[in-house]
Each structure stands twice: as C-alpha cells, then as structure tokens.
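*Asks:* Below are the sequence and a predicted model; questions follow.
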Amino acid sequence: MGRFAVSAVVLLAALFGVAAPAAGAAPEDTRPTKRCEFTPTPDNPAAKPVSPPRPTASTRGTATAVLGTNYGTVVIELDRSNASCAVHSFTHLVRNLFYHDTQCFRLTNSARLGVLQCGDIHRAEEGGPGYRFADEVTGRETYPRGTVAMGNQGPGTNGSEFFIVHSHAHIAPVYSVLGRVVHGMDTLDRIVAAGIAGDAQDGLPKHPVRIHWAFTLPVGWPR
C-alpha cells in the first residue's frame, strides 16, 4: 500500500471513529475460489493502462472499497459470494488506479430508474478496461436504494462500468450485484439534488461528478 493509501486509511479511521488495522497484520486466509474468464477486447482497448485480473477469484467474505468524490465519500461493501468475478475485477481496477480522476457521466432520476453510472473513462458507455467478463445473475436480483451493480451493454459485456442506486431501479435482473453502500448515501443525495443537465430525467449530471480517488481497505478492517 502506497503512502497515499496509508494516509487515506488513517483519515477514514478518524472520520468513522474506528481504529486503523495494526501494521503487520496476518494475511488473509486461503479461501475457496472460482475460475473467471476475462476476455481481451482488442477492438475496444483499455482506456487506461491496465491488464486483465488473474483468472481466480475468492468466493467468500467481503471487500471494502472507498470512493472519494467531489461531493463526498462513498464506502461500498463488496460481496464476493454473490458476484465473485465482478468483485475481483472491481478491486483489481481500484488497486490499479483505473478509477482515479474519472467522471460519472450518467445520472437518472425517474419513476423507473434512479442511478448514478460511473466507471466509463471517456463518456457514458465508452472507455473500458480492455477486457470483458460474464454476468453473475440468478434472475431473482432486485436493486433497492444503495445497491451497487455492474453496468453493461448486453449479456457478457461487463468491464469497468458500474452504477449506484440512489432511489430505486425497476429493471430486469440482468446486472451483477457487487454489493451495497454502507456509508455515503448522503453523498448520492447531494448529487441528485444538484440535478441533471437540461433538467432531464436521464443524462449528464448538471454539475460534473468526479471520482478523485478510490482504494480498497485492508483485510480485517473493523466493522
């Protein structure tokens, strides 16, 4: 972990009132795994320098990702048991700084859909990691407020795009659920309150939403 990430962990400890994990903590135990297929997309190369993750993902436990935006901090609990390959890819991209200094290009706020879409480097649905991977869905997925899920452009096209449900999402159960927001829904509320360009229900946020930095917390971070 670099100096920046260490400083950010210490800051989070102060903000959330928990003790930072001790240096030299024992490494994570070996966990059952799942084979993932990350298929290169040469016709849609990586928008930032990053290689596909290793093809083996843990299937147990959770991971915690923190996004620092210009509207506030969002902390996400990622569920490895639900979408192992998606969580594995997401944490890989976070650790490789893929989401640093990026913009969330789509905000929706309608009776059907209320989400903030991020992870596209160039513009909405353009600028991925240079690979794709399969969906991890059962057909019974729901997307209540606080859900974090993969975005896609059709079956098996997952990459770096993800969305956070700020109100509700009455959509088909075809999006892999990464996890849920455990701190920072007020950040989403501020983003929604700022509005959508042209006072539309779907489009660019009226004021740019930027992810300044993103990192994962160390294993054993206190709850």
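*Replies:* Okay, I see it. Computed from a predicted model, the values in this text were never measured in an experiment.
*Asks:* all strands for the protein, in order.
*Replies:* 33-35, 39-40, 56-58, 62-69, 72-79, 102-104, 106-108, 113-118, 131-132, 147-150, 162-169, 177-183, 202-203, 209-216 (DSSP state E).
*Asks:* quick one: strands adjacent to the first one?
*Replies:* So the one you mean is strand 33-35. Its sheet considered, strand 33-35 pairs with strand 56-58 (antiparallel) by DSSP bridges.
*Asks:* what's across from residue 213 in the sheet?
*Replies:* residue 68.
*Asks:* Just confirm it contacts residue 65, I think it does.
*Replies:* No. Residue 213 is not in contact with residue 65 according to CB atoms under 8 Å; the separation is 11.1 Å. Heads up, the C-betas are built off the backbone N, CA and C, glycines and all.
*Asks:* So what does residue 136 look like in phi/psi?
*Replies:* The phi/psi pair for residue 136 (degrees, to the nearest 10) reads phi -130, psi 80.
*Asks:* What's the separation between it and residue 90?
*Replies:* Here the criterion is CB to CB, to the nearest Å. By it, residue 136 lies 12 Å from residue 90.
*Asks:* Same check on residue 158?
*Replies:* Relative to residue 90, and taking CB to CB, residue 158 is found at 10 Å.
*Asks:* same thing with residue 131?
*Replies:* 13 Å.
*Asks:* who has more neighbours, those two?
*Replies:* residue 90 (29 against 22; other CB atoms under 10 Å).
*Asks:* Once you drop chain neighbours, what's closest to that one?
*Replies:* Spatially, and ignoring its direct neighbours in sequence, residue 90 is nearest to residue 178 (6.0 Å; CB to CB, 6 or more residues apart in numbering).
*Asks:* Could you list the low-pLDDT ranges of the protein?
*Replies:* Applying pLDDT under 70 to the chain flags residues 1-31, 218-223.
*Asks:* ok, residue 100 touching residue 121?
*Replies:* No. Residue 100 lies out of contact with residue 121 (CB under 8 Å); the separation is 10.6 Å.
*Asks:* if you count what's nearby, which of the two comes out ahead?
*Replies:* Taking neighbours as other CB under 10 Å, residue 100 and residue 121 compare with residue 121 leading, 19 against 15.
*Asks:* now the more buried one: how far from residue 34?
*Replies:* 27 Å.
*Asks:* try residue 100
*Replies:* For residue 100, the distance to residue 34 - CB to CB - is 28 Å.
*Asks:* ditto for residue 185
*Replies:* Counting by CB to CB, the gap from residue 185 to residue 34 is 30 Å.
*Asks:* Equivalent analysis for residue 119, please.
*Replies:* For residue 119, the distance to residue 34 - CB to CB - is 22 Å.
*Asks:* Show me which of those two is the more surrounded one.
*Replies:* Shown here are residue 119 and residue 34; by other CB under 10 Å, residue 119 has more neighbours (23 against 15).
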